[in-house]
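Engineer: kindly generate the corresponding structure for this input.
(chains A, B, C, D, E and F)
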Protein chains: 4
Amino acid sequence: MPSQNASRANDNARTDAKAPRREKGRARVAALLEAAGVEFAEKGFDAATMTSIAARAGASIGSLYQFFPTKDVLANALLETYLATLIGEFERLRELAPALDAAALAHRLAPALIAFRAAHPAFAPLVETPGRSLPAAAGVRQRLRREIAAVLSAKAPRMKAAHALVCAAVVQQLMKAAIAIHGETSFTHRAAVIDELERVMASYLETALGGLAPNSETISGV
Amino acid sequence: MPSQNASRANDNARTDAKAPRREKGRARVAALLEAAGVEFAEKGFDAATMTSIAARAGASIGSLYQFFPTKDVLANALLETYLATLIGEFERLRELAPALDAAALAHRLAPALIAFRAAHPAFAPLVETPGRSLPAAAGVRQRLRREIAAVLSAKAPRMKAAHALVCAAVVQQLMKAAIAIHGETSFTHRAAVIDELERVMASYLETALGGLAPNSETISGV
Amino acid sequence: MPSQNASRANDNARTDAKAPRREKGRARVAALLEAAGVEFAEKGFDAATMTSIAARAGASIGSLYQFFPTKDVLANALLETYLATLIGEFERLRELAPALDAAALAHRLAPALIAFRAAHPAFAPLVETPGRSLPAAAGVRQRLRREIAAVLSAKAPRMKAAHALVCAAVVQQLMKAAIAIHGETSFTHRAAVIDELERVMASYLETALGGLAPNSETISGV
Amino acid sequence: MPSQNASRANDNARTDAKAPRREKGRARVAALLEAAGVEFAEKGFDAATMTSIAARAGASIGSLYQFFPTKDVLANALLETYLATLIGEFERLRELAPALDAAALAHRLAPALIAFRAAHPAFAPLVETPGRSLPAAAGVRQRLRREIAAVLSAKAPRMKAAHALVCAAVVQQLMKAAIAIHGETSFTHRAAVIDELERVMASYLETALGGLAPNSETISGV
DNA sequence: GATGAATGAGCTTTCATTCAT
DNA sequence: GATGAATGAAAGCTCATTCAT
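Structural biologist: Numbers count the residues shown, from 1 in each chain, chains lettered A, B, ... in the order given. Okay, the predicted model is just below:
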């Protein structure tokens, strides 16, 4: 009597992945997550099937459900691993930021995200699938925005928090723009547009962080 | 004893909506498209069901299939109507463009698209649903880009076609960015970010079209 | 929110029955095949419904599809089991053949097939249903013809392969004729006609195999 | 509230085709019957659809139902026209019969039916479709058998009616055999088998009608 | 822990037939 | 008579989830 799609309230149901106890279990979970990544990337969240994911991982469905009690939980767990590595990336960038000027920073940000997406093609469909209600998906954008803001703050410590968040939002959107163009493989002027976007970001950062940067000796005001 | 499925010859599969021939049919089709719009907007393409769409339109499921032989065709037909009105919007803008300066143009573009999306909330999910193969969905971005390029060319006739397309791509992405932020209703600094994006677009247009505008008397520079 | 139908990638469509791995599964499959046999026999391939077959077997529809991913596959699997037993029958006959004269052989062939059809009433409708494309249905006639040819060759080893195949075809048709008449229950002279057909077959075999039989001591020639 | 499949009892429903009143109507009916023939031949009775038949005939469904209130009625009407021409064929043969010897008769019978089937490819599927309950389909075999018996009686007037029917049944089956082989286009030895079958029929007729023929001066002997 | 059979609501789609225009 | 829209039962098939072994 399963209710095909129990996205919502479900009382005593686990909403988190179960941590494996043994070494073998850890390998299983890794294989399952990887398989899920491939499946979600290929078909999107809705069309992906638990059976197919298990098959890809060389496991039985029962085994899959042992660790991930729900399709949503599985997607969520996958998203969390992605998020962890992504945040790591930004943390590294945060340390570098003070030493970079606006152009250099712009030249790092978009490519970082593009590379990440290429390495984890299931990230986008999972974040964008409508109507999914698990915690992770919901806040991804916010969390990334905060990471970006942290990078900007690292570079311009005197900037107010609110302003940093606004800047971060703009930067985030410019990054998304670059990714979107990157994905349009049949578009002839792809490279040119990405360059242009990077220049836009550089000039925006210059303006926004300009006089606030720790290493700025120039007169603010641009 | 109808053989429900395709065991047999399955050639002449229609892939387009059937045009109604009677007045009543015309009304039906309109009601169905509207209902589809609501359903797709609420649930996205995958989760939307044909049964529910028919019900919303006060039609029987058979009636729905009389005009739209598959869910894909239905989505596609809907998308085409959206596209038609959207293109109309850009055509109007094209006529206005020569009289506007960069800032004014920027101030028109994003809001136009935001308003359109608000009026047709099913547009986004349909365009973004992965893996749908009908013609309309595929080329929407390109077609819109061309429209934007046409607007830019109207304003700066001396601009080369290729460059107009690159600019258009940047502008398109900035518009999408504005929409995305507009949709994040829980984000405190929404309005500020949208303003900022508009300023970015204005400055980008200034730089990109600057000396090429028909009404420019200043020295180009670029 | 599973995407019920094939909007998306639809590669790995299985086209064969899944073999059960557990004892319980084996029982299920047997029950399902038997139920399918009854249903197909009663209604023919087209009018038979998967739901009804599942119900007859006391299984859920899902259970049926677990093992037989389409109606065609199910029909095919059933046909294969029939074919296996039928071929077994002919193999037994092959061993007996050398010891039988033409009349005795004729007296065995048709009744064998009649008995088989009576025991497996779904065989005929499945073989004759037009337009089904699964492998088994296609070649049934050929395979049976080869079996008959083998029996004839066993009796008349000196016969050329091509000739054996021609004879086999004639014999096969005479068998089918007997079956057809056997099935016309309202025909008053059924028995007489079947007798007559048997005599025709006997005389045909006499002529065709006559001098070639291993036990023939008469002058060949005919 | 149509009951999808009302093959059976349906009270006051018409079970016969309505005769067209005007000239135009007659053309319509002819076109519809022809279209039905094509559709049934291509897909078989079950998979054929009324909509498609109407379309093939360049008519609307409404128009189709004006003349044929049911799919069964349509099939039946078609079958009747086929039967009429087929019976005409046998009547011609009946006149020729007395002048032909057994071999010549055999040489006429099978080819006649083969030609007929080639000209009317929908005949077979309609006659063989299981479970259809309309009058025509049911008795086709009997009627044809009677026609064949009439031909035989014309040749051998002294034969008893019952015996003629038995012979007719055998001949009928041999004809069906020839047709079946004729249809197996991929069978290398087709022609040889058909020849063989004809010889079998000739020899059978010789034996069965032998001494009873009006022109026979030979000793009967059977 | 692993396995794979079982479940059934629910989805898309079909089509014979009716009937207002 | 012709047309074509309307109807809805019913079919094939899917898949998240459960659970006995």
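
Engineer: gap between the residue nearest the centre of chain A and residue A:140?
Structural biologist: Per CA atoms, centre = their mean, the C-alpha nearest to the average position across chain A is that of residue A:83, at 5.4 Å. Distance of residue A:83 to residue A:140, computed by CB to CB, to the nearest Å: 6 Å. C-beta: built from backbone N, CA, C; applies to glycine.

Engineer: output the contacting helices and strands for the helix or strand hosting the residue nearest to the centre of chain A.
Structural biologist: Using DSSP states H and E, residue A:83 maps to helix A:71-96. Judged by 3 or more CB pairs under 8 Å, 6 or more residues apart in numbering or on different chains; DSSP states H and E, the packing partners of helix A:71-96 are helix A:23-47, helix A:50-56, helix A:102-119, helix A:123-128, helix A:135-155.

Engineer: list the buried residues in that helix.
Structural biologist: A:71-80, A:82-83, A:86, A:89-90, A:93-94 (16 or more other CB atoms under 10 Å in any protein chain shown).

Engineer: stretch A:24-39 too?
Structural biologist: A:28, A:29, A:31, A:32, A:33, A:34, A:35, A:36, A:37, A:38, A:39.

Engineer: quick check: closest non-adjacent residue to residue A:208.
Structural biologist: residue A:167 (4.9 Å; CB to CB, 6 or more residues apart in numbering or on different chains).

Engineer: secondary structure class for the one you found?
Structural biologist: Applying DSSP: H, G, I helix; E, B strand; the rest coil to residue A:167 yields a three-state assignment of helix.

Engineer: surely it and residue A:152 touch.
Structural biologist: Yes: between residue A:167 and residue A:152 there is a contact at 5.5 Å, judged by CB atoms under 8 Å.

Engineer: hang on, the earlier thing: with respect to pLDDT, which of the buried residues of stretch A:24-39 ranks lowest?
Structural biologist: Sorting the buried residues of stretch A:24-39 by pLDDT puts residue A:28 at the bottom of the list (93).

Engineer: about what we covered before: what's the closest of the helices and strands packed on helix A:71-96 to residue A:174?
Structural biologist: helix A:102-119 (7.1 Å; CB to CB).

Engineer: look up phi and psi at residue A:187.
Structural biologist: Main-chain dihedrals, residue A:187, degrees, to the nearest 10: phi -90, psi 120.

Engineer: secondary structure element holding the closest residue to it other than its chain neighbours?
Structural biologist: Once flanking residues are discounted, residue A:187 sits nearest to residue A:181: 6.9 Å by CB to CB, 6+ apart. Using DSSP H and E, residue A:181 sits within helix A:161-183.

Engineer: how far off centre is that helix?
Structural biologist: 12 Å (CA atoms, centre = their mean, to the nearest Å).

Engineer: which residues are contacting the helix or strand following it?
Structural biologist: Following helix A:161-183 in sequence order, the next helix or strand is helix A:190-209 (DSSP H and E). With CB atoms under 8 Å, 6 or more residues apart in numbering or on different chains as the test, helix A:190-209 has contacts from A:102-103, A:105-107, A:109-110, A:152, A:155-156, A:159, A:163, A:167, A:170-171, A:174-175, A:177-178, A:181-182, A:184, A:187, A:222, B:166-167, B:169-170, B:173, B:200, B:203-204.

Engineer: and if you look at stretch A:116-124?
Structural biologist: Under CB under 8 Å, 6+ apart, the answer for stretch A:116-124 is A:36-41, A:78-79, A:82, A:85-86, A:89, A:179.

Engineer: which one of those is nearest to chain C?
Structural biologist: Proximity of those to chain C, judged by CB to the nearest CB, is greatest for residue A:39, which lies at 10.4 Å.

Engineer: quick one: that closest one from residue D:32, how far?
Structural biologist: Counting by CB to CB, the gap from residue A:39 to residue D:32 is 51 Å.

Engineer: swap in residue A:116?
Structural biologist: Taking CB to CB, one finds residue A:116 at 64 Å from residue D:32.

Engineer: rewinding a little: most neighbours per residue, which of the helices and strands packed on helix A:71-96?
Structural biologist: Comparing these by mean neighbour count (mean count of other CB atoms under 10 Å in any protein chain shown), helix A:123-128 comes out on top with a mean of 21.

Engineer: do the helix holding residue A:83 and DNA strand E meet at all?
Structural biologist: No: remark: helix A:71-96 sits outside contact range of DNA strand E, by CB under 7 Å from any atom of the strand, the gap being at least 13.2 Å.

Engineer: for that helix, give the mean pLDDT please.
Structural biologist: 94.

Engineer: okay, the angle between that helix and helix A:23-47?
Structural biologist: 100 degrees (axes from the mean of the first three to the mean of the last three CA atoms, to 10 degrees).

Engineer: tally of neighbours for residue A:58?
Structural biologist: By other CB atoms under 10 Å in any protein chain shown, the residues close to residue A:58 number 11.

Engineer: ramachandran angles for it?
Structural biologist: phi 70, psi 30.

Engineer: what does residue A:60 give?
Structural biologist: Dihedral angles for residue A:60 - degrees, to the nearest 10 - are phi -90, psi 160.

Engineer: ok, it - how many residues close by?
Structural biologist: Residue A:60, neighbours per other CB under 10 Å, totals 12.

Engineer: need the contact list for the closest residue to it other than its chain neighbours.
Structural biologist: Leaving aside its sequence neighbours, residue A:60 sits nearest to residue A:54 (CB to CB, 6+ apart; 6.0 Å). When contacts are counted by CB under 8 Å, 6+ apart, residue A:54 touches A:32, A:35, A:60, A:61, A:63, A:64.

Engineer: repeat that with 10 Å
Structural biologist: The contact partners of residue A:54, taken as CB atoms under 10 Å, 6 or more residues apart in numbering or on different chains, are A:31, A:32, A:35, A:36, A:39, A:60, A:61, A:62, A:63, A:64, A:65.

Engineer: follow-up on the earlier one: quick check: mean pLDDT across the helix holding residue A:181?
Structural biologist: 95.

Engineer: that helix vs helix B:161-183, what angle?
Structural biologist: Using the same axes, to 10 degrees, helix A:161-183 lies at 130 degrees relative to helix B:161-183.

Engineer: helix A:190-209 and helix A:161-183, what's the angle between them?
Structural biologist: Using the same axes, to 10 degrees: helix A:161-183 against helix A:190-209 is 170 degrees.
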